[in-house]
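Student: When you get a sec, could you give me coordinates for this:
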Amino acid sequence: MLSTLKSAVKAEDTRKKILFTLMMFLVFRIGAHIPVPNIDVAAIAELTEKAKLLGFFDMVSGGAFKNFSIFAMSITPYINASIIMQLLTVIVPRLEQLAKEDRKKIVEYTRYLTVVLAFIQAIGVSIGFKSALVDTSFGSIALIALTLTAGTACLMWIGELITEKGIGNGISLIIFAGIVSRLPSGLFYLYNFIVERGAMGFLVVLLFAIVALAAIVAVVAINEGQRRIPVQYAKRVVGRKVYGGQSTHIPIKVNSAGVIPIIFAMSILMFPGTVAAFFPNSSIAQAITNLFDYSGIFYNVLYALLIVFFTYFYSAITFNPVDVAENIKKNGGFIPGLRPGRPTSEYIAKVMGRITLFGAIFLAIIAVLPALIAGILGLDISFGGTALLIVVGVALDTMKQLEASLLMRSYEGFMK
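Tutor: The predicted structure is shown next:
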């Protein structure tokens with residue numbers, strides 16, 4: 001990895017891409033500290049501390065939500081729009097055909113949907129935080145909603161610029177930058193913890209660091225892990241030439257769903273607690289808050305089960321064994337020992353089911369374990385399993401794209 005970074009810095013075109021990406025990060029961090037008008041930031045910060053879902057949004061936005069800046073909603077509406085469009089391309093045949101023929105059109109629809117969702121979410125946030133508004137008039141709420149929507153649209157544009165002129169996937173890197181920006185405050189908290197507790201505090205932090213390092217190694221191994229199904233293509237004789245006959249494979253990733261099942265499960269579980277936070281004097285709301293406490297057994301068991309469910313759900317939507325088997329058959333291929341068609345699709349579905357189960361259990365463990373360990377050790381760390389999966393996944397993907405860019409540059413130099 002270090003040799004790749006060294007080579008990237010030496011190459012002029014790659015160095016420019018890296019500098020451009022860093023400049024966009026700087027713009028993002030500056031925007032995260034520009035406050036929205038007519039808002040009591042102290043009241044927002046207090047509510048964010050109480051509501052766990054809002055705390056998750058604050059972590060993803062890199063503290064922009066707690067400051068209620070123009071980037072408070074981060075890139076979340078774009079992620080929601082992308083997921084919705086991905087689901088619609090499976091459900092609606094017209095969109096499925098359009099996704100195969102004209103991918104740019106799907107990207108354009110995603111942008112429009114992002115703006116619509118951002119505006120709806122901004123109105124909901126403005127009304128939900130009415131107690132924190134300095135001015136509760138219609139004009140003030142409209143101004144806040146438009147400012148937040150414009151901030152999300154600006155982040156979407158920055159993300160696309162990074163993808164086009166920088167290194168890596170811009171949208172993912174914005175989330176990555178937001179999470180990583182919280183690391184200094186986390187390290188400062190651990191330092192204060194050691195100072196207050198002495199030798200015992202040092203042992204606790206050391207144990208937590210070992211667990212975190214083991215989790216990172218496991219995430220890297222699982223993200224890179226895949227099950228390869230061998231595929232053989234028959235030989236075809238056309239005139240005096242022989243085509244085909246090569247062997248290849250279908251790579252099925254162990255963690256094909258990524259971090260999306262965790263986001264779905266977390267959103268559902270934290271919604272009751274977030275709503276209850278708006279009614280601090282209600283006994284029912286207090287009971288709901290205690291029931292959905294992130295360190296409780298009920299919450300973590302339900303959290304793990306929902307992650308397993310959504311992993312299967314998302315994998316079933318994004319991967320169709322029947323289409324894969326049909327494509328293999330059309331190209332004159334077959335899996336050794338299986339007939340083309342239905343037996344092939346059933347075999348692929350069976351393998352996919354087993355791999356998905358392992359990936360789902362892994363996601364559940366990674367999502368639950370850091371919070372449980374931190375609770376047992378008495379650490380108040382917001383950098384949980386979700387953040388770990390996002391950071392490691394984005395870092396691996398960016399390094400792969402960087403290596404591919406350097407490799408392409410070497411080939412171009414060789415061809416010249």
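Student: And the next helix or strand past the helix or strand in which Y109 is found?
Tutor: Assigned by DSSP states H and E, Y109 belongs to helix 103-128. Along the chain past helix 103-128, the next helix or strand (assigned with DSSP H and E) turns out to be helix 138-165.
Student: Give me the three-state assignment for N255.
Tutor: Following DSSP: H, G, I helix; E, B strand; the rest coil, N255 is assigned to coil.
Student: pretty sure L406 is touching T14, no?
Tutor: Yes - counting by C-beta atoms under 8 Å, L406 touches T14, with 6.5 Å between them. From N, CA and C alone the C-beta is placed, and that goes for glycine too.
Student: So the two - more neighbours on which side?
Tutor: Neighbour comparison, L406 and T14: the larger count goes to T14, with 19 against 15 (by other C-beta atoms under 10 Å).
Student: Check which helices and strands the host helix or strand of the more buried one is in contact with.
Tutor: In the assignment (DSSP H and E), T14 maps to helix 12-31. Secondary-structure packing of helix 12-31 (3 or more C-beta pairs under 8 Å, 6 or more residues apart in numbering; DSSP states H and E): helix 2-10, helix 138-165, helix 170-180, helix 385-415.
Student: where's that helix relative to the chain centroid, distance-wise?
Tutor: 21 Å (C-alpha atoms, centre = their mean, to the nearest Å).
Student: okay, the angle between it and helix 170-180?
Tutor: 60 degrees (axes from the mean of the first three to the mean of the last three C-alpha atoms, to 10 degrees).
Student: buried stuff in helix 12-31?
Tutor: Using 16 or more other C-beta atoms under 10 Å as the test for burial, helix 12-31 gives 14, 17-18, 20-21, 24-25, 28-29, 31.
Student: Please apply the same query to stretch 343-359.
Tutor: 344-345, 347-349, 351-352, 355-356, 359.
Student: Which pair of those residues spans the longest distance?
Tutor: T344 and G359 (22.1 Å; C-beta to C-beta).
Student: now the angle from the helix holding T14 to helix 138-165?
Tutor: 170 degrees.
Student: Run through who's touching helix 12-31.
Tutor: 7-9, 62, 64, 69-71, 151, 154-155, 158, 161-162, 165-168, 170, 173-174, 177-178, 181, 402, 405-406, 409 (C-beta atoms under 8 Å, 6 or more residues apart in numbering).
Student: Likewise for stretch 146-163?
Tutor: So stretch 146-163 is contacted by 20-21, 24, 27-28, 31, 36-37, 69-78, 111, 114-115, 118-119, 121-122, 125-126, 168-171, 173-174 (C-beta under 8 Å, 6+ apart).
Student: Before I go, just wanted to say thanks for your time.
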